[in-house]
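Novice: this one's structure only:
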């Protein structure tokens, strides 16, 4: 069984952070204002809650369990602060995509049997965040569910995770 013990502490933090980073990449692609940001954050949180009850993958369950602890959240927050330190808004997406690519390589190396399921879950989180809030329009009317910038970012995330785009 692959879990936290299969990784060094730094590697584990990268894996845990990737869950949050997948949503951050999409949010950075097309800022949605305060209410949009709240909806996108809730979509990411909902994906964690759903994973706790519906996932059979032990690695995903271990990561979700870690994020449920104060220590796990503190470590993830510290890692994200370091990852995005000094980043301009345009840099956030690029750094997030690079971090996802690194996490995918780490998963392939250390957890090959669980890697595909985990990488697919990260992509699912990003897709959920992209669909959480309409982009454009006025006061929530009109606009599109997933903007062109978000679609491009989802394709970048898919590529970084070694997954087909749009699937």
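Specialist: Sure thing, it's come through. None of the values given here were measured: they were computed from a predicted structure.
Novice: alpha carbons only for contacts and neighbour counts from here, please
Specialist: OK.
Novice: Where do the helices of the protein begin and end?
Specialist: Assigned by DSSP state H, the helices in the chain fall at 9-29, 33-54, 58-67, 70-84, 89-110, 112-131, 148-161.
Novice: tell me the most buried of the ones you listed?
Specialist: Greatest average neighbour count among those goes to helix 9-29 (a mean of 23), per mean count of other Cα atoms under 10 Å.
Novice: just checking, what packs against that helix?
Specialist: For helix 9-29, the elements it packs on are helix 33-54, helix 58-67, helix 70-84, helix 89-110, helix 112-131, helix 148-161, judged by 3 or more Cα pairs under 8 Å, 6 or more residues apart in numbering; DSSP states H and E.
Novice: For residue 85, grab phi and psi.
Specialist: The phi/psi pair for residue 85 (degrees, to the nearest 10) reads phi -60, psi 130.
Novice: Show me the residue at the heart of the chain, geometrically.
Specialist: residue 22 (2.0 Å; Cα atoms, centre = their mean).
Novice: So, low pLDDT: which residues of the protein?
Specialist: For the chain, the stretches with pLDDT under 70 are 1, 31-42, 134-145, 166-167.
Novice: Could you dump the helices of the chain into CSV and include distance to residue 2?
Specialist: Below are the helices of the chain laid out as CSV (distance: least, Cα to Cα, whole Å):
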stretch, distance to residue 2
helix 9-29, 11
helix 33-54, 17
helix 58-67, 6
helix 70-84, 18
helix 89-110, 8
helix 112-131, 8
helix 148-161, 19
